[in-house]
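Asker: Sequence below, structure please.
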Amino acid sequence: MSCLRHLYFKLLYYRKPPWDTQVSPPELMEFIAQYAPGRALDLGCGTGTNVITLAQHGWRVTGVDYVGRALRQAKKKAQLAGVTADFQVDDVTKLKNITGVFDMVLDIGCFHSLAENEKRAYIRNLERLTTPGSIYLMYGFFREADGNGPGLREPDLNGLELSFDLINREEGVDRGQRPSVWVTYQRKPADKLD
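Answerer: Here you go, the predicted structure:
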């Protein structure tokens with residue numbers, strides 16, 4: 001991620017970033033209702049809203065973000081909510097401090113903000129931190145028609161299907177009226193990897 005873009009994200013946390021709704025989305029709540037608690041990882045967790053929601057439902061959760069200010073807010077919110085969660089300052093393309101495997105990985109608006117080479121590094125980490133049967137729940141918006149700027153492209157989603165089976169895909173539009181998608185993937189068994 002460029003230094004300028006990195007600074008932009010950091011500065012947004014001196015106010016309230018537009019994506020920080022403080023409400024867990026219905027797609028996450030539906031997931032929680034359908035799956036038994038386990039170990040979860042929230043990539044790009046921001047101020048921890050979804051980490052807290054998962055922890056309140058019995059999940060052991062690690063939240064990762066590279067904006068320290070966001071994580072300080074997340075820790076305060078978790079303490080006020082009376083839940084325990086692990087918050088780590090880290091880059092989702094590196095994840096040096098994150099080990100083990102997770103039953104579920106959540107990404108609401110992080111993957112789509114990465115450059116192409118960063119997306120490849122992110123996917124390698126995702127593969128390293130999941131095991132057959134792990135769920136990857138991701139929300140993102142699609143790239144503008146001109147192809148510039150952040151956003152998903154179909155090849156990004158196709159790249160995930162080398163190691164993950166698509167379980168569900170729901171398309172819509174975000175608040176800015178950009179085409180968006182919720183996808184649920186499940187890590188393939190080792191003998192089914194492409």
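Asker: three-state assignment of I52?
Answerer: Under DSSP: H, G, I helix; E, B strand; the rest coil, I52 falls in the helix class.
Asker: My error: substitute G140 in the last question.
Answerer: From three-state DSSP, the assignment for G140 is strand.
Asker: Give me the spatial nearest neighbour of it, chain neighbours excluded.
Answerer: H112 (3.3 Å; CB to CB, 6 or more residues apart in numbering). The C-beta positions use only the backbone N, C-alpha and C, and glycine is treated the same way.
Asker: which phi and psi does that neighbour have?
Answerer: H112 adopts backbone torsions of phi -70, psi -10, taken as degrees, to the nearest 10.
Asker: pLDDT wise, what is the residue nearest the centre of the chain at?
Answerer: Residue closest to the average C-alpha location in the chain (CA atoms, centre = their mean): D107, at 1.4 Å. Per-residue pLDDT puts D107 at 97.
Asker: Tell me how far it lies from V64.
Answerer: Separation of D107 from V64 (CB to CB, to the nearest Å): 10 Å.
Asker: and what of E27?
Answerer: 20 Å.
Asker: if you count what's nearby, which of these two comes out ahead?
Answerer: Set side by side, E27 and V64 show more neighbours around V64, with 24 against 18, by other CB atoms under 10 Å.
Asker: Listing partners with orientation, what would you give for the helix or strand containing that one?
Answerer: Taking DSSP states H and E as the criterion, the element that holds V64 is strand 60-65. Strand pairing for strand 60-65, using DSSP bridges, gives strand 39-43 (parallel), strand 86-89 (parallel).
Asker: who touches the first one?
Answerer: Same thing as strand 39-43. Contact with strand 39-43 is made by 48, 50-51, 54, 59-64, 92, 98, 100-108, 110-111, 122, 129, as judged by CB atoms under 8 Å, 6 or more residues apart in numbering.
Asker: Buried among those? Need that as a selection in PyMOL.
Answerer: Applying 16 or more other CB atoms under 10 Å to those, the buried members can be selected in PyMOL as follows:
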select buried, resi 48+50+51+54+59+60+61+62+63+64+92+98+101+102+103+104+105+106+107+108+110+111+122+129
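Asker: if we can go back for a sec, let me know whether the residue nearest to G140 touches R153 as I believe.
Answerer: No: counting by CB atoms under 8 Å, no contact exists between H112 and R153, whose distance comes to 9.4 Å.
Asker: What segments of this structure are helices?
Answerer: Assigned by DSSP state H, the chain shows helices spanning 3-12, 26-34, 49-56, 68-81, 116-128, 154-160.
Asker: between the third one and helix 68-81, how many degrees?
Answerer: Orientation check (axes from the mean of the first three to the mean of the last three CA atoms, to 10 degrees): helix 49-56 against helix 68-81 gives 30 degrees.
Asker: which strands and helices sit next to helix 49-56?
Answerer: With contacts taken as 3 or more CB pairs under 8 Å, 6 or more residues apart in numbering; DSSP states H and E, helix 49-56 sits against helix 26-34, strand 39-43, strand 60-65, helix 68-81, strand 102-108.
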